[in-house]
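Colleague: Sequence below, structure please.
(2 chains)
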Amino acid sequence: MDDLLADFLTETGESLAELDVALVRLERAPEDGATLSLIFRLVHTIKGTCGFLGLPRLERVAHASENVLGRVRDKVLPVTPDLVSAVLAGIDRIKTIVAGLGATGAEPDGDDAALIAALDTASEGRAPPAAMPAALPVTEPASPVAAAPANAPEPAAEPPGGGQTIRVGVDVLEDLMTLVSELVLTRNQLLQIARGHEDGAFAVPLQRLSHITSDLQEGVMKTRMQPIGHAWNKLPRLVRDLARDLDKKIELTMLGAETELDRQVLELIKDPLTHMVRNSGDHGLETTAERRAAGKSDAGRITLNAFHEGGHIIIEIADDGRGLPVERIRAKVIDKGLATAAELAGMTDAQIQGFIFRPGFSTAAAVTAVSGRGVGMDVVKTNIERIGGTVDLKSVAGQGTSFTIKIPLTLAIVSALIVEAGGERFAIPQLSVMELVRAGAAAEPGAGQEPGATVIEHIGQTPVLRLRDRLLPLIRLADLLRLDAPPARPAEGAASLHIVVAQVGGAIFGIIVDRVFDTEEIVVKPVAPILRHMTMFSGNTILGDGSVIMILDPNGIARATGIGAGDGRQLAEAHGDGLAPPGARSDERTSLLLFRAGGEETMAVPLGLVARLEDLPREAIEMSAGQAVTQYRGALMPLVALTGEIDLARPRQPVLVFTDGERTGGRERSMGLVVDAIVDVVQDALRVELAGDRPGLLGTAVIAGRATDVIDTGYWLTRAFHDWFGKAGGGPAGRGAHRVLVVEDSAFFRQLLVPALAAAGYDVTACADAGAALRLLDGGEMFDAIVSDIEMPGMSGLAFVGRLRAGGAWAELPVIALSGRANAAEIAAGRAAGFTDYVQKFERDALLRSLAQCLAARGEQRLAA
Amino acid sequence: MGMGAGLAMLSRETAGDTEQAFVTLSVADQLCGIPVLGVRDILAEQAITRIPLAPREVAGSLNLRGRIVTAIDLRRRLRLADAPAGDARMSVVAEQGGELYALLVDQVSEVLNLPTSAFEPNPATLPANWAAYSAGIYRLQGRLLVVLDIARLLALSAEA
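Modeller: Numbers count the residues shown, from 1 in each chain, chains lettered A, B, ... in the order given. Predicted coordinates for the structure are as follows:
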């Protein structure tokens, strides 16, 4: 193929992409003169060049299209959807011919008569507006551009204000990038060698070489950067055609189109993006009639938003459609055998919606021409994960769905943390590393460990890391990779461990390694084909010291250990930190600690309530004023036996330690609950079926398939400290299938309230702050009553209730205040702010009584209304 | 490495009989040959990075002048006993489908020119583990030389 033709093809390809966008814009804004001129000029350039290169077929089609556009520009014809469709059909034909030209170097055969006839019909203006003045020129438009139809190709779209550009083949840039990558590696290698020889002769030139290499790397990277708008070019056209095909009205908004990312990444996300936009239009948005019925604007909206955030590109694809139908997904999941009804029962809506990413899943009831072939979202997810990205989804029924894609800026060079496990070194992409933690094994009680220190605890066979307010699942890298134990190192290995805290999607987990080295810039190289089936590695690379190292794939690790499937996320949710979704329903799966006390039956307590597990030697237990105590972290900790009496004959005594440092001015207060044996930790839904009539038990729940007594932690806490929550009360528990929202910032109290209310028959949702509760309000959630803390970070309980009373769906709901303080003035202030009732924390029975009263009163009001 | 010399020998014809040049090597005391043209490099002992969870035959990967090469342990591939720990081993680098592989062997020795007329198919008595990767044999003075079939040796992915 000669150079002239090759240049023409490249240039035309760009013009065509621009044309699609411009035509759709014109259709929406027919009066936009600038857009019209742009379109005209582009088509004209194509036509002109064709004539010059001797491409008759292409020239005829371009000419017919140009005619139509000329008439529009001369205001002889109005811009109508039909007219735009006709021109688009012409553009499509040009694309086909250009594609053939690119493949064979000659125009492909074909008959354009029908198309040209259609274009001519359009240009004759089947429905011209009213009477048009006959004097208007009907032949060639008399613009200077059009006056020279078959001249040499004019320089299309002269770059405004200088800024010269040249065309460079992509392969040249790719080669440059490879060379620079190698140069970076060699530089790193030199630096490493130089570190050992501080004699200085090479230090200065090496420093300079290093800087130049970095600058060169940056410069070459820049040549590969392209605005993401390039990947979006096709979307306006796609959405327009989609809207016509489906008879919907769709508005596409694209924000941040100028955000730049690596060409390679861009290529890889183009198809997933297109697919997702198509899905939003097809499945996400309702028909016009449905939208009207739902009180929404006629036109559905699809919004694309791209921006940089900490070395990543975030792309959001949101629609304001019907949201993902949880019930239909649930039915489909069962139908397809992807999960059982029982498994689904224990899942949150978000987890069920996550099934759309599973292979072989497609929600469209009928397969449409546009989407729904069942090769959709799983492929999208796989493609995004392949480039080290993640995709998350959020969907609110009736309000729409939004997908968030997070991808690295570039794939060529990544920063990686070098770690050692089982005597081998591995690289972990810095992208997924959240932090590094040094943790000791569970220490002896009273060993003077600082409160809040990170400790690895073994519960049953499962190691977990308690990091601040969160319990993280742990994976020992050497075990995972089946590496032999490293040669024994000095005893310090037992005293502290290195843990890499990694995040994959919403799941956070800890990877135990033997050593942590530096971070290094590495060039990811694919592994040999015979190793491609190994999902634990994303590639390999050569380090500065010349050795080969495998690059771990955190996605693969999470999948291999089942963390991505939800465990990690659930652990995080159970501890209600900022990463958890705003609501945590009481029928969600929680981690439950199983133990035995005074019998063979197992008993359970939510793991989140338990601060630590201790195994006290008998000598550590002392009696003080008739109360068993132990020295614990520099203070005396009261011990309470679940069986009523501590069996001092036993050499060691397992103890569940409960701690609350949040309510006592930052000073930690602990109590130990003495049990016979700790059995296991399981994930299950905590649904207390039978309310207990024995003091100290919430009731019985089916956990791991067995009836298990769930202890009422509150009861036991007050046995150790009578004032732990304030005064204890008594009375009958209210019952009813009412939905109650609990707003409480302390994870500890939340864990107490949710099971207590659930045991009393309420359907409980918990939020960590007022903001999360208001999001539920915005999300259209409805409750029968709200129980709220007064003192909370951010919006206080008083402000929260004020906000509710000001109007909205929850304006009339009973809201019960919970507070540690309770004087008359406080109560008066609470009532003035809009609280229905005021209950002291944690008077369980008073709360239940108050709830029952409020709900009964509300029921009467409703009947009266 | 005498690649040029090997090529010269390869093209040498003696008395109307063509010869083929082989790099000879030994694996667990068995003499083997690989056609010189299939050999890209011969390496003395190298630092090899283990690859966890990889198939048993994969000894690891090594850095060959900036390229990452997968090392295959020929003893394991042939289901022979592992080499005694601490023995220095050499590698023969071969290419398959654009990728480089290093075959870990006990010892690499000379390049031999052998007349094609002396090439024989695998004898029926050849043990199955050898027969699977042998293209045929040469009978030398008192010794058997097994010609290794590189393509079959490296067809690991198909079996994985």
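
Colleague: what residues does the stretch 451-600 of chain A put near chain B?
Modeller: Contact residues (Cβ under 8 Å from any Cβ of the partner chain) of the stretch 451-600 of chain A with chain B: A:481-483, A:525, A:527-534, A:536-537, A:540-542, A:546-550. (Each C-beta comes from the backbone N, C-alpha and C, glycine too.)

Colleague: got a list of what residue A:228 touches?
Modeller: Counting by Cβ atoms under 8 Å, 6 or more residues apart in numbering or on different chains, residue A:228 touches A:256-261, A:266, A:306, A:313, A:315.

Colleague: where's the spatially most central residue of chain B relative to chain A, distance?
Modeller: Central residue of chain B (Cα atoms, centre = their mean): residue B:34, 5.0 Å from the mean position. Going from residue B:34 to chain A by Cβ to the nearest Cβ, to the nearest Å gives 19 Å.

Colleague: residues touching that residue, list them.
Modeller: B:22-23, B:25, B:92, B:94, B:103, B:147-148, B:150.

Colleague: ok, now residue A:244?
Modeller: A:81, A:85.

Colleague: The same query, at a cut-off of 10 Å, please.
Modeller: A:81, A:85, A:250 (Cβ atoms under 10 Å, 6 or more residues apart in numbering or on different chains).

Colleague: Now which of the residues of the stretch 451-600 of chain A next to chain B would you call buried?
Modeller: A:481, A:483, A:527-531, A:534, A:536-537, A:540-542, A:548-550 (16 or more other Cβ atoms under 10 Å in any protein chain shown).

Colleague: Next, format the contacts of residue A:244 as CSV and append neighbour count.
Modeller: CSV is the format used below for these (neighbours: other Cβ atoms under 10 Å in any protein chain shown):
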residue, neighbour count
A:81, 10
A:85, 17
A:250, 21
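
Colleague: In helices only, show me those residues.
Modeller: Judged by DSSP state H, helices contain the following of the contacts of residue A:244: A:81, A:85.

Colleague: Closest one to chain B out of the contacts of residue A:244, please.
Modeller: residue A:250 (45.6 Å; Cβ to the nearest Cβ).

Colleague: Name the nearest residue to the spatially most central residue of chain A, sequence neighbours excluded.
Modeller: Geometric centre of chain A, nearest residue: residue A:392, 3.2 Å, by Cα atoms, centre = their mean. In this structure, residue A:392 finds its nearest non-sequential neighbour in residue A:404, 4.8 Å apart by Cβ to Cβ, 6 or more residues apart in numbering or on different chains.

Colleague: give me the element that neighbour is part of.
Modeller: Secondary structure from DSSP states H and E places residue A:404 in strand A:400-408.

Colleague: With residue A:818 instead?
Modeller: With DSSP H and E as criterion, residue A:818 is part of strand A:815-819.

Colleague: strand partners of that strand, parallel vs antiparallel please.
Modeller: strand A:785-789 (parallel), strand A:837-840 (parallel) (DSSP bridges).

Colleague: What's the mean pLDDT across it?
Modeller: What strand A:815-819 shows for mean pLDDT is 84.

Colleague: send the alpha carbons of that strand over as PDB?
Modeller: Extracted as PDB, the C-alpha positions of strand A:815-819 are listed here (Å, rounded to 0.1, in the frame of the first residue of the first chain):
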ATOM      1  CA  VAL A 815     -37.700   8.500  67.000                       C
ATOM      2  CA  ILE A 816     -36.300   7.200  70.300                       C
ATOM      3  CA  ALA A 817     -33.200   8.800  71.700                       C
ATOM      4  CA  LEU A 818     -30.500   6.800  73.400                       C
ATOM      5  CA  SER A 819     -28.200   8.500  75.700                       C
END
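
Colleague: for it, which positions count as buried?
Modeller: Quick answer for strand A:815-819 (16+ other Cβ under 10 Å): A:815-819.

Colleague: Give me every residue in chain B lying close to chain A.
Modeller: B:46-55, B:57-58, B:60-64, B:66-72, B:96-101, B:154-160 (Cβ under 10 Å from any Cβ of the partner chain).

Colleague: ok, 8 Å please
Modeller: B:47, B:49-55, B:58, B:60-63, B:66, B:68, B:70, B:97, B:99, B:101, B:154, B:156-157, B:160.

Colleague: Tell me the helices and strands packed up against the helix or strand in which residue B:108 is found.
Modeller: According to DSSP H and E, residue B:108 maps onto strand B:107-115. In terms of contacts (3 or more Cβ pairs under 8 Å, 6 or more residues apart in numbering or on different chains; DSSP states H and E), strand B:107-115 is packed against helix B:3-11, strand B:17-27, strand B:90-96.

Colleague: buried stuff in the longest one?
Modeller: Pointing back at strand B:17-27 there. For strand B:17-27, by 16+ other Cβ under 10 Å, it's B:19-25, B:27.

Colleague: just the last one next, same as before
Modeller: Buried residues in strand B:90-96, defined by neighbour count with 16+ other Cβ under 10 Å: B:90-94, B:96.

Colleague: which one of those is nearest residue A:703?
Modeller: Checking the buried residues of strand B:90-96 against residue A:703 by Cβ to Cβ gives residue B:96 as the nearest, at 54.8 Å.

Colleague: is it true that residue A:557 touches residue A:511?
Modeller: Yes: assessed by Cβ atoms under 8 Å, residue A:557 is found in contact with residue A:511 at 7.1 Å.

Colleague: what number of residues lie near residue 114?
Modeller: Answering for chain A, as no chain was given. 9 (other Cβ atoms under 10 Å in any protein chain shown).

Colleague: Actually, chain B is the one I wanted.
Modeller: Neighbours of residue B:114 under the rule other Cβ under 10 Å: 17.

Colleague: quick one: contacts for it?
Modeller: B:19-22, B:33, B:138, B:145.

Colleague: about what we covered before: please save the CA atoms from the helix or strand in which the residue nearest to the centre of chain B is found in PDB.
Modeller: Assigned by DSSP H and E, residue B:34 belongs to strand B:30-35. Extracted in PDB, the C-alpha atoms of strand B:30-35 (Å, rounded to 0.1, in the frame of the first residue of the first chain):
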ATOM      1  CA  GLN B  30      22.100 -41.300  29.800                       C
ATOM      2  CA  LEU B  31      23.700 -39.700  26.800                       C
ATOM      3  CA  CYS B  32      21.300 -37.500  24.800                       C
ATOM      4  CA  GLY B  33      21.500 -35.300  21.800                       C
ATOM      5  CA  ILE B  34      19.700 -32.200  20.700                       C
ATOM      6  CA  PRO B  35      20.100 -30.900  17.000                       C
END
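
Colleague: Next, the angle from that strand to strand B:17-27.
Modeller: 130 degrees (axes from the mean of the first three to the mean of the last three Cα atoms, to 10 degrees).
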